[in-house]
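Peer 1: Need a 3D model of the following:
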Amino acid sequence: MSSALARPGADPDIHAISTASSPDFQPLAGVRVIDFTRVLAGPYATMTLAELGADVIKVEMPEVGDETRAWGPPFIDHSSAYFHAVNRGKRSIEVDLSVEEGRRTVDRLLASADVVVENFRPGVPERLGLDAEQVMARHPQLIYASITGFGRSGPMASDAGTEVIVEAESGLMSVTGEPGAAPVRFGVAMVDIATGLTMINGILAALVERGRTHRGRRIDVSLYATALSSLGTVITASSAGGGPPRSWGSAHPSIVPYRAFAAADGYVVLGATNDAMFRRLVVALDLAEELGGPEWATNAGRVEGRDELEEIVQGAVAPVSVDQVVARLRAQRVLVAPVLRPDEAAASEQARALGLLVEEDGVLMTRGPLAAGQGVSMSAAPALGQHTQEILAELSASDTEGREATS
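Peer 2: Residues are numbered from 1 along each chain as shown. Next up is the predicted model:
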């Protein structure tokens, strides 16, 4: 175990539980994570830590557990496919946090851990004695990572902040969808995913810092902060005189052409990010007569004449198959791609070449981009409380070893 990550006084062999990774790729082997998270942002973050070799223990309430276990159909082994997608590689322990015995068990877990990740509703950690101040006073080596909807301060700190609520409040939803149409949410919960990735960055940085300081640190990430910060280019352009932000569908506000067009049998995305590429696009689509003039030579001119130019490109693409458009533009080194469904992308040669998917009992699961191609294998998402007795036995053994070491 790297000295930069080692918990002060920890035996690196005690917690090196190989639940997530192959021997070839375990940069977080020996790091224990106590996971109090539910739904998506937190579970995605902790699953990624498991994929990197950490021993992730998911603490769940008896009989209920993470509510996404019931978010089906479809179901896999009595838990939803949604739950399985973001909880692989973890161990599950059932603990009733409402009783003193359960809180004592959790405190023993925290004493054995390096990182705790939580996304409790506001006020719940304080009521349970699991807020950062109390936990870190007892266990100063811990990195205490919190995910909230709107952060810990400000007038909205106590508001519920789910993906769709935060997309609306942050402005993301207003710039998503077709121009003039009703606002739409992302097709997947990208704010949750981005928040989870941001949390991972903070945790890894804090582990490195602890190697120098021998102290833990509190980390706070909110869905709102993630969403608003992702709008940096939009907000800056608007404040610099670019006009009010709006939705553009698949188009780009400052590059033309750069969007999806309807071909004869589907949709294709194409674009020219510089003038030389645009000239090659004109050749590929045989549009020299229509788009070869000086008014189209620069991107600024193309943005000014967006509607006319896009109508011309659409007319050239409409009678041609997607495959033909792709072939012609790729031959001229122009940006182009067919618009695929997720299942089509999952079946692609590129996805297979990168090792991005694994099949478990006929069901496809994605791998994280860091672990893909590294030979990493992960255990299936755990049944509720599947590892309770195993983990309690480990805690008892560790308690016994601790008493013997001090006697």
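
Peer 1: Assess the claim that T273 and V256 are in contact.
Peer 2: No: with contact taken as CB atoms under 8 Å, T273 and V256 are classed as non-touching, separated by 10.4 Å. Using the backbone N, CA and C atoms, a C-beta is placed for each residue, glycine as well.

Peer 1: Show me which of those two is the more surrounded one.
Peer 2: Higher neighbour count among T273 and V256: V256, with 24 against 13, using other CB atoms under 10 Å.

Peer 1: For stretch 142-152, measure first residue to last.
Peer 2: 20 Å (CA to CA, to the nearest Å).

Peer 1: Mind listing what's buried along that stretch?
Peer 2: Using 16 or more other CB atoms under 10 Å as the test for burial, stretch 142-152 gives L142, I143, Y144, A145, S146, I147, T148, G149, F150, G151.

Peer 1: can you pull the contacts of T195?
Peer 2: A41, A45, I147, V221, S222, L223, T226 (CB atoms under 8 Å, 6 or more residues apart in numbering).

Peer 1: make it 10 Å
Peer 2: Shown in contact with T195 (CB atoms under 10 Å, 6 or more residues apart in numbering): 40-42, 44-45, 119, 147-149, 163, 166, 189, 221-227.

Peer 1: In strands only, show me the residues you listed.
Peer 2: I147, T148, V221, S222 (DSSP state E).

Peer 1: I figured the second one was touching G161, is that so?
Peer 2: If I follow you right, that is T148. Yes: with contact defined as CB atoms under 10 Å, T148 counts as touching G161 (6.7 Å).

Peer 1: shared neighbours of these two, anything?
Peer 2: N119, P122, S222, L223, Y224.

Peer 1: Closest to S377 out of the residues you listed?
Peer 2: For the shared contacts of T148 and G161, the closest approach to S377 (CB to CB) belongs to N119, at 27.3 Å.

Peer 1: mind checking how far the closest one is from P125?
Peer 2: Using CB to CB, to the nearest Å, one obtains 10 Å as the distance from N119 to P125.

Peer 1: And the two? Which one has more around it.
Peer 2: Higher neighbour count among N119 and P125: N119, with 25 against 19, using other CB under 10 Å.

Peer 1: can I assume the more buried one is in contact with V39?
Peer 2: Yes: applying CB under 10 Å as the test, N119 and V39 come out as touching, 7.4 Å apart.

Peer 1: shared neighbours of those two, anything?
Peer 2: By CB under 10 Å, 6+ apart, the residues touching both N119 and V39 are I147.

Peer 1: coming back round to it: okay, and the common contacts of T273 and V256?
Peer 2: N299.

Peer 1: Now do the helices in the stretch 251-400 of the chain.
Peer 2: In the stretch 251-400 of the chain, helices defined by DSSP state H, counting those that start in this stretch lie at 275-284, 288-291, 299-304, 306-317, 322-331, 342-346, 349-353, 388-406, listed in chain order.

Peer 1: whoops, the stretch 51-200 of the chain was the one
Peer 2: Using DSSP H, counting those that start in this stretch, helices in the stretch 51-200 of the chain cover 81-85, 100-111, 124-128, 132-138, 163-170, 190-213.

Peer 1: A182 is nearest to which of those helices?
Peer 2: In terms of CB to CB, the element of the helices of the stretch 51-200 of the chain nearest to A182 is helix 163-170, at 12.2 Å.

Peer 1: any idea of the angle the closest one forms with helix 190-213?
Peer 2: Interaxial angle of helix 163-170 relative to helix 190-213 (axes from the mean of the first three to the mean of the last three CA atoms, to 10 degrees): 90 degrees.

Peer 1: and helix 163-170, C-alpha only, in CSV?
Peer 2: In CSV, the C-alpha atoms belonging to helix 163-170 read as follows (Å, rounded to 0.1, in the frame of the first residue of the first chain):
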residue,chain,number,x,y,z
GLU,A,163,-31.2,15.5,-10.7
VAL,A,164,-34.2,17.1,-12.5
ILE,A,165,-34.7,19.8,-9.8
VAL,A,166,-31.0,20.8,-10.0
GLU,A,167,-31.1,20.8,-13.9
ALA,A,168,-34.0,23.2,-13.6
GLU,A,169,-32.6,25.5,-10.9
SER,A,170,-29.1,25.7,-12.4
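
Peer 1: contacting residues around it?
Peer 2: Residues outside helix 163-170 that contact it (CB under 10 Å, 6+ apart) are 39-41, 149-150, 156, 159-161, 172-174, 176, 183-186, 188-193, 195, 222-231.

Peer 1: where are the low-confidence patches of the protein?
Peer 2: Applying pLDDT under 70 to the chain flags the ranges 1-23, 375, 401-407.
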